[in-house]
Structure formats: structure tokens, C-alpha cells
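Enquirer: quick one, what's the 3D model for this:
(one chain, ligands or ions: 1)
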Amino acid sequence: MSSPTKQPSGFRQDGNTLVDSPVITGQYMRVVPLAQNPLREMDIAADSAAALDAPPEVVDHYKNLIDQAEKLFGAHHYREYHFVYSLSDHVAHFGLEHHESNDSRVDERGMVNPGKRLLFAGLLPHEYVHSWNGKYRRPADLSTPDYEKPMQTDLLWVYEGLTSYLGDLLTARSGIRTPEEARDQLASIAADLDHRSGRVWRNLQDTADGVPDMQGAPRQWDSWRRPLDYYDEDVLNWLWVDTIIRQQTQGKKSIDDFCHLFHGGQSGPPEVKAYTFDDVVNALNQVTAYDWRGFWTERLTNHGPGAPLGGVTNSGWKIVYDDTRSSLMKTREEERNTIDASYSIGLYLRDDGSLVDTIEGMTAAAAGIGPGMRVVAVNGRRFTADVLRDALKAGKSSSQPLELLVENTDYYKTYKLDYHGGEKYPHLVRDDSKPDMLSDIIKPR
Ligand SMILES: [Zn+2]
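Expert: Below is the predicted model:
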């Protein structure tokens with residue numbers, strides 16, 4: 001979330017400037033210039049000298065990020081910009097946006113380990129986009145005059161949702177993610193949302209409105225309760241917007257034109273330009289006339305079923321599931337010590353068998369398995385990730401049920417799941433009946 005800013009004047013501005021200006025220091029520091037006039041640089045502190053020794057192409061990709069963002073927005077709204085980056089296993093991990101910097105913190109080896117780099121790839125581009133979308137252009141309800149007035153979170157589908165879309169777009173355009181990695185990321189988001197059982201009772205707008213109660217919620221029951229879906233689901237929705245703009249204008253315009261109009265203007269020092277729902281609709285209509293009010297009202301209030309995949313299909317791609325993990329999913333499982341069987345039997349587990357979440361309506365949940373339980377054995381053999389994966393695979397050519405021995409608060413029970421679909425992992429594949437818009441969207445400018 002953001003810190004509020006009232007423009008301009010006196011004590012308040014000084015207070016905001018102070019809150020908005022994090023400082024970093026450390027024994028192992030590296031300052032990496034990315035661009036001049038104005039200065040853009042990375043200020044990186046790590047737990048070791050080795051953690052700072054990233055390959056040169058990593059820095060080159062962040063230099064590209066500066067260039068690609070400038071091309072996307074057409075202007076910037078800071079005097080200088082600092083990526084304040086902590087690489088440490090001894091601090092909390094998050095990204096926090098400011099107008100002229102971001103305070104982002106990942107694992108000690110977040111820049112030197114390729115797997116960790118893949119997992120954190122989208123973080124700095126996302127926080128950088130916030131300088132335009134969130135800090136410069138800010139929802140009126142989040143632009144409170146002082147810290148005592150409560151903020152309203154109804155427009156987080158723009159503040160975070162559009163930032164998530166543009167952040168992913170810039171991650172790809174700058175080369176931080178390869179095109180394949182960018183597609184894997186989108187496939188993962190789309191598959192995740194397409195299996196979000198809680199969509200039937202909670203709409204997307206409510207995930208934004210309810211954020212003060214939901215932000216610290218545990219991972220258990222995520223799928224049924226819904227997590228902060230105004231991030232990921234709005235990646236799909238803003239992709240949909242981008243493809244509609246392209247269709248309506250026969251490819252002459254895109255989300256880039258919206259960004260120039262909404263976030264661009266004259267480069268200069270920080271200022272805040274507040275907006276409402278109507279302002280977003282009006283700006284979209286200036287790019288191309290369409291029923292944007294109807295589009296967003298439907299997107300924010302509907303109950304599915306399934307994810308909003310209009311943008312994915314419009315962009316010339318479709319989601320398929322097969323038994324091969326993308327490098328993104330494989331890395332995620334390895335780094336987080338988890339097993340993602342969400343798309344097969346609807347289970348998400350830690351590698352000790354403890355259940356993080358189940359997906360309502362899918363095989364495991366339908367049998368009565370739920371978060372908080374622990375899988376002890378699979379088909380009579382002690383649980384490991386490989387034993388579960390092998391059993392899912394073998395079940396494809398067997399009529400026997402998949403047997404899970406599950407511990408629930410000291411009690412054991414065997415669940416027999418009539419499942420024969422094998423392992424399932426999402427990918428995007430081309431739909432040759434349509435032009436390949438997605439590759440153009442993520443191509444460097
Ligand atoms: Zn954000």
C-alpha cells in the first residue's frame with residue numbers, strides 16, 4: 001500500500017517527503033547507475049559481497065527497464081529515482097513503492113541465483129511502475145489529506161491491478177523475463193484464477209474493498225475466501241483492455257496510448273493527480289470509444305464461472321494443461337518447498353505433506369480433505385513429492401482409486417479419490433486462428 005500525499009505545501013509536504021524517502025546502508029553495498037538526466041540508480045545492500053556479484057546482463061536488463069518505462073509512459077514524475085534493494089535472509093521480504101524510489105527486499109541470493117531471479121523477476125518493474133500509477137496518478141479515495149483520515153480501497157484494481165499488468169509487460173520488454181517466461185507467468189495467473197472457487201460468492205470489487213481485513217489473512221482457504229485478487233485477476237482484465245483497444249483501432253493503438261495519456265504529460269518533480277472511476281473510463285474512451293463503463297462494471301461484479309480469459313484468447317493464445325512443469329512452476333516448488341497439485345486433484349501442499357489449501361469442487365475437497373490436514377501416505381507408501389507425482393502419473397492408466405492416508409488432529413483416515421487425469425500444469429499455446437497480439441505486447445519498443 002501507499003503512504004498518502006497531499007499536494008503541496010509546508011509541513012505536510014515535508015512529512016510526506018520524509019516518509020517517502022527510505023535510506024539504505026550496509027557493509028556490503030553496491031551502487032549501480034542505470035541512467036542519467038535524471039539520475040536513475042540501484043542502491044543495493046546485501047548480507048555478503050558474493051550476493052552483489054550479479055552477472056552483467058542482470059544490470060543491463062534493469063537499464064532496459066528505465067528505457068522501456070520511458071517509452072511506455074512518455075514522461076516521468078520524479079527528480080531522480082532509486083531502486084533501494086535489500087538482499088538479505090534476515091529481513092522481511094516485500095516491495096514498497098515510493099514516488100522517487102522503491103524499498104524492495106528479497107533473499108540474499110536474489111540477484112545471483114537464477115531460480116531466485118526468476119521468482120523475483122517482476123518485483124522491481126512492478127514497484128517502478130507505481131511511480132506513475134499509484135504515486136503520480138492516485139485514486140482520489142487514497143489521496144487523503146492526512147494520516148488520520150481512513151483511505152478507501154475501491155480503486156485498487158487500477159492502483160495495483162494496472163500496475164501488475166504494466167509491471168509484467170515491462171519485465172518482458174526489458175528482458176528481465178524471456179518471452180517464454182512471460183507466457184509462463186501469464187499461464188500461471190490465468191490457471192490460478194480459473195480455479196478460484198471463491199469467485200462464485202465474492203466478486204473482484206470486494207477483494208479490493210475488503211483489503212483492510214484480508215491483507216494479513218493466512219494462505220489456508222485462500223481459494224475459497226479469495227486472496228488479494230485485484231492484483232492477478234486484473235492482469236487478465238487489463239490484458240483484455242489492451243487487446244480490445246488494439247481490435248477497436250485495427251492495431252493502431254494499445255495500452256501504451258492509454259499510459260501516455262493517463263500517466264505521461266510533462267516530465268518534472270513529483271506531483272499527485274487524483275482520479276476517479278469516471279476518469280479511468282473517460283481516458284479509455286479518449287483512446288478508443290467503447291463501452292468501458294459496462295466492461296469494468298461487469299469485470300468487477302461478475303461471479304464467473306472461471307477466470308476472465310478474454311484477453312488471453314484475444315491475444316492469440318490459449319491455456320492448455322499437460323504433465324510438464326514450466327521452469328517457473330518447477331522453480332517455485334523447489335524454492336518454496338511446496339507441491340502444486342492444484343490443477344489435478346485440487347491440492348496445494350508443503351513438502352512435508354501438510355495441506356496449505358484445497359480447491360472447493362475439485363476431487364480432494366469433494367472427498368472431504370481440507371487445509372490444516374497432512375498427507376501421510378499415498379497408495380500405501382510414505383508421502384514425498386515424488387511419491388505423489390508418481391501416483392498421479394500411474395493413475396492415468398489404472399482403474400484403482402488414488403489412496404491418500406491423511407492425518408487430521410491426531411486422527412488418521414484413508415481417502416479414496418477416483419481421479420485418473422494425471423499431473424496437470426498450465427501453459428500457453430498459440431491459437432493459429434488469431435494474430436499473435438501477445439508477442440507484440442511484450443516485445444521491446
Ligand atoms: Zn503494488
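
Enquirer: and the residue of the stretch 201-350 of the chain found nearest the ion, what helix or strand is that in?
Expert: Closest to the ion within the stretch 201-350 of the chain is Tyr231: 7.3 Å, counting by C-beta to the ion. Where you see a C-beta, it was placed from the backbone N, CA and C, and this is true even at glycine. Secondary structure from DSSP states H and E places Tyr231 in helix 229-248.

Enquirer: what are the buried residues along that helix?
Expert: 229-246 (16 or more other C-beta atoms under 10 Å).

Enquirer: which residues touch the helix or strand that comes right after that helix?
Expert: As assigned by DSSP H and E, the chain's next helix or strand after helix 229-248 is helix 255-259. With C-beta atoms under 8 Å, 6 or more residues apart in numbering as the test, helix 255-259 has contacts from 71-74, 132, 165-166, 169, 238, 241-242, 245, 283-284, 287, 441, 445.

Enquirer: now swap in stretch 129-144 and tell me
Expert: Here stretch 129-144 makes contact (C-beta under 8 Å, 6+ apart) with 2, 4-6, 69, 73, 76-78, 81, 97-100, 102, 150-156, 158-160, 162-163, 166-167, 170, 259, 262-263, 270-276.

Enquirer: can you tell if it touches the ion?
Expert: No - using C-beta under 5 Å from the ion, stretch 129-144 stays clear of the ion, coming no nearer than 5.6 Å.

Enquirer: for that stretch, measure first residue to last.
Expert: Counting by C-alpha to C-alpha, to the nearest Å, you get 21 Å between the two ends of stretch 129-144.

Enquirer: same question, stretch 259-278
Expert: Using C-alpha to C-alpha, the two ends of stretch 259-278 sit 16 Å apart.

Enquirer: buried sites along that stretch?
Expert: Cys259, His260, Phe262, His263, Gly264, Gly265, Pro270, Val272, Tyr275, Phe277.

Enquirer: wait, doesn't the last one sit right on Trp157?
Expert: No - in this structure, Phe277 is not within contact of Trp157 by C-beta atoms under 8 Å, at 9.7 Å.

Enquirer: could you list which residues are in contact with Tyr165?
Expert: Going by C-beta under 8 Å, 6+ apart, the list of residues near Tyr165 reads Asp234, Val235, Trp238, Leu239, Asp242, Ile255.

Enquirer: confirm that it sits in a helix.
Expert: Yes - assignment of Tyr165 by DSSP: H, G, I helix; E, B strand; the rest coil places it within a helix.

Enquirer: please identify the helix or strand for Ala274.
Expert: Using DSSP H and E, Ala274 falls in strand 273-275.

Enquirer: can you tell me the average pLDDT over that strand?
Expert: Average pLDDT, strand 273-275: 96.

Enquirer: strand partners (parallel or antiparallel) of it?
Expert: strand 137-139 (parallel) (DSSP bridges).

Enquirer: how far does the partner strand sit from its chain's centre?
Expert: On the basis of C-alpha atoms, centre = their mean, to the nearest Å, strand 137-139 sits 20 Å off its chain's mean C-alpha point.

Enquirer: need the buried residues of stretch 259-278 in TSV with distance to Glu57, can you?
Expert: Below are these laid out as TSV (distance: C-beta to C-beta, whole Å):
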residue	distance to Glu57
Cys259	26
His260	29
Phe262	32
His263	28
Gly264	29
Gly265	33
Pro270	31
Val272	36
Tyr275	37
Phe277	41
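
Enquirer: biggest separation within these, which pair?
Expert: Longest distance between any two of these is 24.1 Å, between Pro270 and Phe277; criterion C-beta to C-beta.

Enquirer: re the thing from before, make JSON lines out of the contacts of Tyr165 and add pLDDT.
Expert: Below are the contacts of Tyr165 laid out as JSON lines (pLDDT from 0 to 100):
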{"residue": "Asp234", "pLDDT": "98"}
{"residue": "Val235", "pLDDT": "98"}
{"residue": "Trp238", "pLDDT": "98"}
{"residue": "Leu239", "pLDDT": "98"}
{"residue": "Asp242", "pLDDT": "98"}
{"residue": "Ile255", "pLDDT": "98"}
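
Enquirer: ok, which stretches of the stretch 151-300 of the chain are helices?
Expert: 156-159, 161-173, 179-194, 204-209, 211-214, 222-225, 229-248, 255-259, 277-287, 292-301 (DSSP state H, counting those that start in this stretch).

Enquirer: what's the fourth one packed up against?
Expert: With contacts defined as 3 or more C-beta pairs under 8 Å, 6 or more residues apart in numbering; DSSP states H and E, the packing partners of helix 204-209 are helix 156-159, helix 229-248, helix 292-301.

Enquirer: looking at those helices, which is nearest to Ser433?
Expert: By C-beta to C-beta (comparing all of the helices and strands packed on helix 204-209), the closest turns out to be helix 229-248, at 14.6 Å.

Enquirer: compute the inter-axis angle for the closest one and helix 179-194.
Expert: 120 degrees (axes from the mean of the first three to the mean of the last three C-alpha atoms, to 10 degrees).

Enquirer: for the stretch 101-250 of the chain, which residues are neighbours of the ion?
Expert: Glu160, Thr163.

Enquirer: before we move on, the earlier item: who touches the strand holding Ala274?
Expert: So strand 273-275 is in contact with Tyr136, Arg137, Arg138, Pro139, Ala140, Ser143, Leu155, Val158, Phe262, going by C-beta under 8 Å, 6+ apart.
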